[in-house]
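Undergrad: my questions concern the predicted model and sequence given below.
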Amino acid sequence: MALKEQVNNDLKAALLGGDRFTGEVLRGLKAAILNEEVAQNKREEGLSDQVIEQIVAREVKKRNESASIYDGAERPELHELRDVFLSLRSELEEHIVDEEEWVFPALLAGEVPGAEELAQLEREHDEAGAALHRLRELTAGYDTERALCATHRALLDGLHGLEL
């Protein structure tokens with residue numbers, strides 16, 4: 001089995017098994033492979049296993065460097081930032097599935113969701129807003145001057161983009 005296929009299969013297994021950490025790691029690896037395919041204009045044919053092994057090694061090196069910076073930073077807000085973000089992401093993924101599977105189809109069918117369902121969706125929107133507010137606080141307004149490395153700076157830019 002080709003490495004790219006193995007990454008995809010392992011990602012599916014992690015997501016279906018509820019292993020968020022492994023899923024996040026493999027999602028990042030899959031994105032790195034896709035980016036390299038696009039950069040090399042090999043989106044259709046794909047990359048060789050040898051090139052994918054190089055991408056894996058590069059990504060591992062980047063993550064190890066980021067982890068060492070993170071661990072030595074003495075910035076406790078980073079731990080809460082991670083927790084708030086992971087919680088928000090999980091809640092948004094569930095919320096989007098709910099909207100796409102029953103709210104939007106019901107509206108398209110001319111049905112009006114009940115008051116309880118609408119109240120629940122509104123609470124979820126409010127909770128997401130509160131989490132975004134907390135992310136802004138923890139990052140001092142997404143201040144990239146406080147970033148520890150390029151990956152952290154990209155994270156801050158991405159988090160800021162969630163609010164836009």
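TA: Structure received.
Undergrad: alpha carbons only for contacts and neighbour counts from here, please
TA: Noted.
Undergrad: which strands and helices lie in contact with the helix or strand of the chain with the lowest mean pLDDT?
TA: Sorted by mean pLDDT, DSSP states H and E, the helices and strands of the chain end with helix 49-72, the least confident at a mean of 81. When contacts are defined as 3 or more C-alpha pairs under 8 Å, 6 or more residues apart in numbering; DSSP states H and E, helix 49-72 packs onto helix 3-16, helix 20-39.
Undergrad: centre of the chain to it, how far?
TA: How far helix 49-72 lies from its chain's middle: 17 Å, per C-alpha atoms, centre = their mean, to the nearest Å.
Undergrad: after it, which helix or strand is next?
TA: Next in sequence after helix 49-72, counting helices and strands by DSSP states H and E, comes helix 77-98.
Undergrad: tell me the buried residues in that following helix?
TA: Within helix 77-98, the residues that count as buried by 16 or more other C-alpha atoms under 10 Å are 81, 84, 85, 88, 92, 95.
Undergrad: again with stretch 31-49
TA: Buried, per 16+ other C-alpha under 10 Å, within stretch 31-49: 32, 33, 34, 36, 37, 46, 47.
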